[in-house]
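[1] Structure for the following, please:
(one chain, ligands or ions: 1)
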Amino acid sequence: MVAPPDNDVLWARALRHAHQGSPALLGVSINVRAGEILAVVGPHGAGKSTLLRCLSGQLVPDEGEVWFNSGPVHTLAEPAREALRRDRFGWVDGEAQLMPELTAWENAALPMLLRGDGHRASKAAAQEWLERLDIGDVARRRPADLTQAQRQRTAVARALVTGPQVVFADEPTAPLHRADGAHVLRTLASAARSHDITVVLATSDPDNARHADRTVQLVDGRPGSPMPLQDRESASARPASV
Ligand SMILES: Nc1ncnc2c1ncn2[C@@H]1O[C@H](COP(=O)(O)OP(=O)(O)OP(=O)(O)O)[C@@H](O)[C@H]1O
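    Numbering: from 1, shown residues only. The predicted structure is shown next:
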């Protein structure tokens, strides 16, 4: 094994993975630089979720290597990968999966409470993120009393609350209307940039790549052809205001 370059927070080489015999990744190599927002774009079934799950240590690839901060992830035992996910990574996907009996702030604070942080500090951090994401006023409401966009932003707050080094966002806007989805992505991108958090965003909507610094494509589990120049330019443009 050869360690990756120092400025890559995540680095994966020649990943291959099959789900119950059906191939999802067929030799994918990728690097993610510290602090960047990287969009992984591709059609449904391209292998985006599988790639994010391998990078975040949820899945061990059948073949290939994953490195985080110059340490191998693919060779770690499950408890160590679980600790990595808990302490260093945040995860948002298209289903907010909030606990129905908890309020928005309690849901957002959950990762801190579960790792044993104090109630007061957890509540303050959760409240701060909810306010940053423009939903501080609904912090005491339960999920059933929130709109879908508010629930999704609560899930974003939950992913950010522990101060992760990397947030994996797997189709985080899938259930939302376009305007709500764009707002969630803008707020996630803004929060990540201001806190120097790296984001790996999987999306089947090339429009969402506008929020990223860089885009890579996946097609049928393989790297896709490079994006046309005009798309690359718009993908690398940061939003004027977020
Ligand atoms: N748990 C699973 N069991 C069986 N097959 C799976 C499983 N997860 C994914 N697959 C298959 O692996 C391939 C890649 O799926 P994956 O979810 O990684 O792609 P994706 O690009 O994220 O797609 P989508 O945008 O629809 O989520 C698909 O053919 C999918 O049907």
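[2] Can you check the pLDDT for the residue nearest to the spatial centre of the chain?
    By Cα atoms, centre = their mean, the mean C-alpha position of the chain lies nearest to Phe168, the distance being 1.5 Å. You'll see Phe168 listed with a pLDDT of 97.
[3] Where does it sit: helix, strand or coil?
    Under DSSP: H, G, I helix; E, B strand; the rest coil, the three-state class of Phe168 is strand.
[4] That one reaches Thr198, doesn't it?
    No: contact between Phe168 and Thr198 fails when scored by Cβ atoms under 8 Å: they sit 9.6 Å apart. Every C-beta, even on glycine, is put in place using the N, C-alpha and C of the backbone.
[5] in this structure, which helix or strand is least confident?
    helix 229-236 (a mean of 43; mean pLDDT, DSSP states H and E).
[6] Surely Trp11 is in a helix?
    No: Trp11 is assigned strand when assessed by three-state DSSP, not a helix.
[7] before we move on, the earlier item: who's the residue nearest to the centre of the chain bridged to?
    Beta-bridge pairing of Phe168 under DSSP bridges involves Trp91, Val200.
[8] That one and the ligand, how far apart?
    12 Å (Cβ to the nearest ligand atom, to the nearest Å).
[9] So what's the residue count around Pro79?
    8 (other Cβ atoms under 10 Å).
[10] same check, this time on the one 10 residues further on
    One way to gauge burial is a neighbour count; for Phe89, by other Cβ under 10 Å, it gives 23.
[11] same question, Asn7
    11.
[12] I'd like to check which residues are in contact with Arg85.
    56-58, 91 (Cβ atoms under 8 Å, 6 or more residues apart in numbering).
[13] element containing it, please.
    helix 78-88 (DSSP states H and E).
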